[in-house]
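*Asks:* Build me a structure from this.
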Amino acid sequence: MAEVYAEHLSKRYSNGVWGTRDVSLEARRGEVLVVLGPNGAGKTTTINILSTLIKPTGGLARVMGYDVYREYREIRRHIALMPQGGSINPSWTPLYAVKWYLVARGFSLSDAEREARRWLEEIGMWSLRDRSGYALSGGERRRVLLAMTLATGAEILFLDEPSVGLDVESKYVLWSAIRKYSAGRCVIYTTHEMKEVENIADKILIIDNGVSKGGGDFKKLIEEFPYKYKVVVRSGDVIAGNEHVKIKTGDFTRVYFKDRSEALDYLYTLRDFRDVSIREVDVEDVYLFTIKSGEVGL
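*Replies:* Purely as a prediction, here's the structure:
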């Protein structure tokens, strides 16, 4: 059985706004499930229900076999959460924050000190362990919060957009730490950044407007995608004819082809353009086809 399971999960807030309408998912031990979706899609609401912070309006959700509504106390013994937008108290040093958070969760002082060192080193913050939080950047505080979460060794880890505010190098450190942590554990990670999927995901779930739209093994999803190449054009008016599948995103239009030679033939027909390139399809194309299914041009 999946360590985290949800079926037709919904949440309607007291003001009448729906956080989620119909979300179903499964996440298993040893997997990183990345939940993708635009801002406001329902990713945070889903995480907050599964981590027992809010009660669902409808549907079913279980974590480690426990019901999120009736058995939340049991669930909290098995999980850790890094919330969206969270940060440490600026009066804390990194070492103080991680060590005493673990003690509060029931660790002995010696175990807390050991795990604090291990994970502060893992995310590159050990050299700053005694620096006041006031002297840390916002990104460094986020990394300390990640260390606090990872150091728990929780069987189920919920990470809600953990890379927000981090520079490029720090993101790679974060992804590496999470991949190491996920061995034998279950991680659910929300984002709207495609680069994160490529670096950490075993499976993806795409949510839009509070509804599960699709997902699965993301590499398999790319392999099974009906097109292999795309011509990406930045132009106001270069896409002629209706014989090709295309998606418009801002100033760019993606035109899809089953093979490279077909894409090259199309490229040579273009005249008025500023930027154009041929690329292999990737997870971003799977995502766009999924959330823009009603807007795909033919």
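*Asks:* any idea where the strands of this structure begin and end?
*Replies:* In the chain, the strands defined using DSSP state E lie at 4-12, 18-27, 32-36, 58-63, 66-67, 79-82, 156-160, 186-191, 203-208, 211-217, 229-234, 246-249, 252-257, 275-280.
*Asks:* Can you give the distance of the longest one from its chain's centre?
*Replies:* By that I understand strand 18-27. Its chain's C-alpha centre and that of strand 18-27 lie 15 Å apart, by CA atoms, centre = their mean, to the nearest Å.
*Asks:* Show me what that strand is packed against.
*Replies:* strand 4-12, strand 32-36, helix 43-50, strand 58-63, strand 186-191, strand 203-208, strand 211-217 (3 or more CB pairs under 8 Å, 6 or more residues apart in numbering; DSSP states H and E). (Each C-beta comes from the backbone N, C-alpha and C, glycine too.)
*Asks:* Grab the CA positions of that strand and hand them over as CSV.
*Replies:* C-alpha atoms of strand 18-27 as CSV (Å, rounded to 0.1, in the frame of the first residue of the first chain):
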residue,chain,number,x,y,z
TRP,A,18,-12.1,26.0,-3.2
GLY,A,19,-8.5,25.1,-2.3
THR,A,20,-8.8,21.7,-4.0
ARG,A,21,-11.8,20.2,-5.8
ASP,A,22,-10.7,16.7,-6.8
VAL,A,23,-7.2,15.6,-6.1
SER,A,24,-6.0,11.9,-6.1
LEU,A,25,-2.5,10.7,-5.6
GLU,A,26,-0.2,7.9,-4.4
ALA,A,27,3.3,8.2,-3.1
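*Asks:* Could you check the angle that strand makes with strand 203-208?
*Replies:* 170 degrees (axes from the mean of the first three to the mean of the last three CA atoms, to 10 degrees).
*Asks:* who's in contact with strand 18-27?
*Replies:* 2-13, 33, 35, 42, 44-46, 49, 59, 186-188, 203, 205, 207, 209-212, 215 (CB atoms under 8 Å, 6 or more residues apart in numbering).
*Asks:* hang on, the earlier thing: out of the strands of the chain, deepest packed?
*Replies:* Most buried of these by mean neighbour count (mean count of other CB atoms under 10 Å) is strand 32-36; its value is a mean of 27.
*Asks:* Note down every partner strand of that one and its orientation.
*Replies:* strand 186-191 (parallel), strand 203-208 (parallel) (DSSP bridges).
*Asks:* what distance separates the last one from the centre of its chain?
*Replies:* On the basis of CA atoms, centre = their mean, the separation between the geometric centre of strand 203-208 and that of its chain is 9 Å.
*Asks:* go on, the first one?
*Replies:* Remark: strand 186-191 is offset 5 Å from the chain centroid, using CA atoms, centre = their mean.
*Asks:* what about it, average pLDDT?
*Replies:* Averaged over strand 186-191, pLDDT sits at 95.
*Asks:* the inter-axis angle of it versus helix 43-50?
*Replies:* 150 degrees.
*Asks:* And the helices and strands packed on strand 18-27: which comes nearest residue 168?
*Replies:* strand 186-191 (14.9 Å; CB to CB).
*Asks:* Only C-alpha atoms, please: export that closest one in CSV.
*Replies:* Only the C-alpha atoms of strand 186-191 are listed here, as CSV (Å, rounded to 0.1, in the frame of the first residue of the first chain):
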residue,chain,number,x,y,z
CYS,A,186,8.7,9.0,0.9
VAL,A,187,9.0,12.7,-0.2
ILE,A,188,6.3,14.9,-1.6
TYR,A,189,7.6,18.1,-3.1
THR,A,190,5.6,20.9,-4.7
THR,A,191,6.9,23.3,-7.3
